[in-house]
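Trainee: fold the following for me, if possible:
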Amino acid sequence: MTLPLPRSILVVGSGGREHTIVTACLNSPAHPRVLAAPGNGGIARDVKCFPVPVDDIPGLVALAKKERIEFVIVGPEVPLSLGLVDALIAAGIPAYGPKADGARLEASKIFTKELLLKYKIPTAPAKFFTAVAPAVAYLKTRKAPYVIKADGLAAGKGVVVTPELKEAEAAVKMMLEGGAFGASGQRILIEDCLHGEETSIHLVVSGREFVVLPTSQDHKRVGDGDTGPNTGGMGAYSPAEVVTDELLAEIERTICRPSVDAIAAEGIDYRGTLYIGLMLTPKGPKVIEFNARFGDPETQVLLPRLATDTVELLWAAANNRLHEVKLAIKPDYALCVVLAAQGYPDKYPKGDAITLPRVSGSGEFIFHAGTAVSSNRQIVTNGGRVLGVTALAPTLRQAARQAYALCDRIGFVSKYCRRDIGAKQLNRK
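Mentor: Have a look, this model is predicted:
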């Protein structure tokens, strides 16, 4: 790429996704100076962190100015929806991530559903409501299972799927009258349930240009065999072989290209990651949701597979130069196991001391998520999802074996993980 790469980068966020991005930046041939805000225990071991919250937009802009940052990579959805990229660009600082108008694709499920329906992009039929009576009346005309979604951001908890009409009605009342999700639940959508296998496609978008990152699959349920409550994600692997080359070509033609064009047609200059959650139904792939940032823990298997410099790729997208970068992917499989605190996603302890082994070679990674540094400089647990343990290997089975062997060498009292990450694909063979 002819455009000089940035010499200083600020990564905004504090999770496993952000630790993965920091690691990718540190491995860039450009050797930029990398900072993070607010970071976590593991990120703080790698780069200098600043205790500026992700929702403190003026504080983050001031930090970027003070540290003479040339490029900001925004990890989570909250600062994107609050207009961090708008504020950075206004201050003359390039950033990777959509501005607030593009972040609405995640911040408002109704906004996204209206766009999908307007441009005839495959998705489930839906209706939108602000009052209980018409919503309940509509529910009675639909078939079970019922899907009710709060419109706004709800930390991954704003969706109820139930086969029981009474539970569906209760969810409607909880959101619209009970204030379960505050302002996020003042509008809801009720949509038909899609059946099939879920997967996700990540695009790096720059206006009407985009590149498709490797396929991946996340594991949302807390327990083995996809049991228990939904979580932020208990593990992931890449590539997802359920998405064949033929199917991927269909997804690009019927969903990726029309979605990018639709966003541009609405006057949104989108420069960032577009995460497309898909259901592979008997009638073809359909969109479940859009996210305006990298998935977590998908990032932990996607970025390690990139042979292209991550900094160059994201910098090109932010500067409308994506056509100058050729995407190259390593042939290896990647698998990430999330080590969580027992009790997640409900109540769980914090402050457990963590024993970390040395990682061997370039094919093993321990990405920190819910960790902090204690007063005696010990890494301790500080969240529900604590670590993302990732391995790269020539086969998925080998990657799983390596990742779990590394998990077994990590110690903390409340340690918990699923033992079947990748099993769905392994059992197909």
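Trainee: list phi and psi for Pro331.
Mentor: phi -70, psi -10 (degrees, to the nearest 10).
Trainee: and for it, the neighbour number?
Mentor: Neighbourhood size, Pro331 [other C-beta atoms under 10 Å]: 9. C-beta: built from backbone N, CA, C; applies to glycine.
Trainee: contact partners for it?
Mentor: Shown in contact with Pro331 (C-beta atoms under 8 Å, 6 or more residues apart in numbering): Pro394.
Trainee: any idea how far Ala307 is from it?
Mentor: To Ala307, Pro331 is 9 Å away according to C-beta to C-beta, to the nearest Å.
Trainee: and Asn291, by the same measure?
Mentor: Asn291 is 25 Å from Ala307, by C-beta to C-beta.
Trainee: looking at the two, which one has more neighbours?
Mentor: Neighbours per residue (other C-beta under 10 Å) separate Asn291 from Ala307, with Asn291 holding more: 21 against 11.
Trainee: state the distance from that one to Gly102.
Mentor: Applying C-beta to C-beta to Asn291 and Gly102 gives a distance of 11 Å.
Trainee: likewise Thr123?
Mentor: Applying C-beta to C-beta, the value for Thr123 to Gly102 is 18 Å.
Trainee: ok, now Lys283?
Mentor: Computed as C-beta to C-beta, the Lys283 to Gly102 distance reads 29 Å.
Trainee: would you map out the domains in the protein?
Mentor: Per automatic domain parsing, the domain ranges recorded for the chain read 8-99, 125-192.
Trainee: give me the element Glu246 is part of.
Mentor: Element membership for Glu246, per DSSP states H and E: helix 245-251.
Trainee: not counting that helix itself, show me its contacts.
Mentor: Ile201, Val212, Thr215, Val243, Leu278, Leu280, Gly284, Pro285.
Trainee: do the same with stretch 33-40
Mentor: 7-15, 18-19, 22, 25-26, 43-44, 46-54, 60, 63, 67, 69, 368-372, 382.
Trainee: in PyMOL, select just the buried ones from the residues you listed.
Mentor: In PyMOL, a selection of the buried entries from these looks like this (16 or more other C-beta atoms under 10 Å):
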select buried, resi 9+10+11+12+13+14+15+18+19+22+25+43+44+46+47+49+52+54+60+63+69+368+369+370+371+372+382
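Trainee: which parts of the stretch 51-200 of the chain are helices?
Mentor: 57-66, 77-81, 84-90, 100-107, 109-118, 132-139, 165-176 (DSSP state H, counting those that start in this stretch).
Trainee: Asp261 is nearest to which of the ones you listed?
Mentor: For Asp261, the closest of these is helix 109-118, at 11.1 Å, according to C-beta to C-beta.
Trainee: would you put the C-alpha positions of that closest one in CSV?
Mentor: Written as CSV, here are the backbone C-alpha positions of helix 109-118 (Å, rounded to 0.1, in the frame of the first residue of the first chain):
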residue,chain,number,x,y,z
LYS,A,109,-32.4,-3.9,15.6
ILE,A,110,-35.4,-2.2,14.1
PHE,A,111,-33.2,0.0,12.0
THR,A,112,-31.4,-3.0,10.6
LYS,A,113,-34.6,-5.0,10.0
GLU,A,114,-36.2,-2.1,8.1
LEU,A,115,-33.1,-1.9,6.0
LEU,A,116,-33.1,-5.6,5.2
LEU,A,117,-36.7,-5.6,4.3
LYS,A,118,-36.5,-2.4,2.2
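Trainee: and the average pLDDT for it is what?
Mentor: Here helix 109-118 scores 96 as its mean pLDDT.
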